[in-house]
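Chemist: only geometry, no sequence info:
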DNA sequence: TTCAATTACTACTTATGGGTAGAAATTAAA
DNA sequence: TTTAATTTCTACCCATAAGTAGTAATTGAA
């Protein structure tokens, strides 16, 4: 019961970038070193994030990554969706295909409250919000 | 962000058994058919659950599986622990090693409430409780 | 004792996530 | 135009989860 490495890294990367909005672009090298994330893995993840249009990439000399939208407009849930880690409404915690109001799994009722709270948190936390907390990593 | 197949299957199996306490032992064949879980995978999981002493196994003819303790004494969290799916107190949602009250990850504060609620749910839901809800699967 | 019904064990295969290597493409500046 | 700094692409490798196959061990009953 945890987030994938890709989601963990992505959240750390983007929250770090949001924390350093003064520098317009940040390179993969800098992010990799500052956040202690394997360089090659980081570039792979960043390519996914660029395709999802949360950031833009500038290739070539003096290139790097920059936000495509304001950090106040980017939700943690947007990041989780890229790596298929978001908690979907219709998805059953026990993995059965017909878990709804009528036929439901053994944990359906108990799971409802923590699930809703988690979804709410992921869907209401913007990068700007979590960045302004004095977190360095 | 979801449980492993092993945990999902295990919860379904044990909650099914708790729902059918009249039959003392249940065979792997019956569980596999009723719950639509691959037979070989089910027996592998059951062996782990037996080792964790939640159920006992009776080998040989007329054998099968039976509870080692009352379903009212078995928590969902006990099952998650077997397959390393439980949410540990000290485990950071972003996977950093020094996430505590002083130095904390970007999501630390936001994660606290849903995490606590989830832990509480897994640690307070007994098999008996979730079984008595008219769930067949 | 033999047989059939059962779980346990060992070893394998397949799928997926995490991670790495090398080269290609792009671009600003010298 | 050349060079160096960058991202991107393709193709791998490794570890683990998920699932399968075959056989050994156990046991009640005929």
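Modeler: Great, that's in hand. These figures come from a predicted structure and were not determined experimentally.
Chemist: show me where chain A has its helices.
Modeler: In chain A, the helices defined using DSSP state H lie at A:5-19, A:28-35, A:39-51, A:76-82, A:108-124, A:127-131.
Chemist: can you list contacts of the third one?
Modeler: The one in question is helix A:39-51. Helix A:39-51 has contacts (CB atoms under 8 Å, 6 or more residues apart in numbering or on different chains) with A:6, A:9-10, A:13-14, A:28-29, A:31-32, A:35, A:55-57, A:65, A:79, A:82-83. Where you see a C-beta, it was placed from the backbone N, CA and C, and this is true even at glycine.
Chemist: re the thing from before, export the helices of chain A to CSV and tack on distance to DNA strand C, mean neighbour count and mean pLDDT?
Modeler: As requested, the helices of chain A are exported to CSV (distance: least, CB to the nearest atom of the strand, whole Å; neighbours: other CB atoms under 10 Å in any protein chain shown; pLDDT from 0 to 100):
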stretch, distance to DNA strand C, mean neighbour count, mean pLDDT
helix A:5-19, 3, 23, 97
helix A:28-35, 9, 16, 96
helix A:39-51, 4, 15, 98
helix A:76-82, 11, 21, 98
helix A:108-124, 17, 17, 96
helix A:127-131, 21, 21, 92
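Chemist: which stretch among those comes nearest residue B:133?
Modeler: Closest approach to residue B:133 among these is made by helix A:108-124 (6.6 Å; CB to CB).
Chemist: any idea how far residue A:44 lies from residue B:126?
Modeler: For residue A:44, the distance to residue B:126 equals 43 Å [CB to CB, to the nearest Å].
Chemist: name the nearest residue to residue A:1, ignoring sequence neighbours.
Modeler: residue B:85 (5.0 Å; CB to CB, 6 or more residues apart in numbering or on different chains).
Chemist: please apply the same query to residue A:107.
Modeler: Residue A:107 sits nearest to residue A:93 (CB to CB, 6+ apart), 5.3 Å away.
Chemist: count the residues that sit near the one you found.
Modeler: 22 (other CB atoms under 10 Å in any protein chain shown).
Chemist: wait, it touches residue B:7, no?
Modeler: No. If you go by CB atoms under 8 Å, residue A:93 and residue B:7 don't touch, sitting 9.7 Å apart.
Chemist: the spatially most central residue of chain A: what's it in contact with?
Modeler: Centroid check for chain A by CA atoms, centre = their mean gives residue A:79 as the closest residue, at 2.8 Å. With contact set as CB under 8 Å, 6+ apart, residue A:79 has these partners: A:7, A:10, A:11, A:14, A:49, A:54.
Chemist: doesn't residue A:32 make contact with residue A:38?
Modeler: Yes. Between residue A:38 and residue A:32 there is a contact at 7.1 Å, judged by CB under 8 Å.
Chemist: next, see if stretch A:35-54 gets close to DNA strand D.
Modeler: Yes. Using CB under 7 Å from any atom of the strand, stretch A:35-54 comes into contact with DNA strand D via A:40, A:43, A:44, A:46, A:47, A:50.
Chemist: so how far is residue A:113 from the last one?
Modeler: Relative to residue A:113, residue A:50 is positioned 36 Å away (CB to CB).
Chemist: report pLDDT for residue A:65.
Modeler: The confidence metric pLDDT takes the value 98 at residue A:65.
Chemist: pLDDT score for the closest residue to residue A:20 other than its chain neighbours?
Modeler: Among residues not flanking residue A:20 along the chain, residue A:26 sits closest, at 6.9 Å (CB to CB, 6+ apart). pLDDT recorded at residue A:26 is 97.
Chemist: how distant is stretch A:20-28 from the center of its chain?
Modeler: In terms of CA atoms, centre = their mean, to the nearest Å, the centre of stretch A:20-28 is found 18 Å from the chain centre.
Chemist: for stretch A:34-51, same thing?
Modeler: Centre-to-centre, stretch A:34-51 and its host chain are 12 Å apart (CA atoms, centre = their mean).
Chemist: now do the same contact list for the residue nearest to residue A:1.
Modeler: Residues near residue B:85 by CB under 8 Å, 6+ apart: A:1, B:3, B:4, B:6, B:7.
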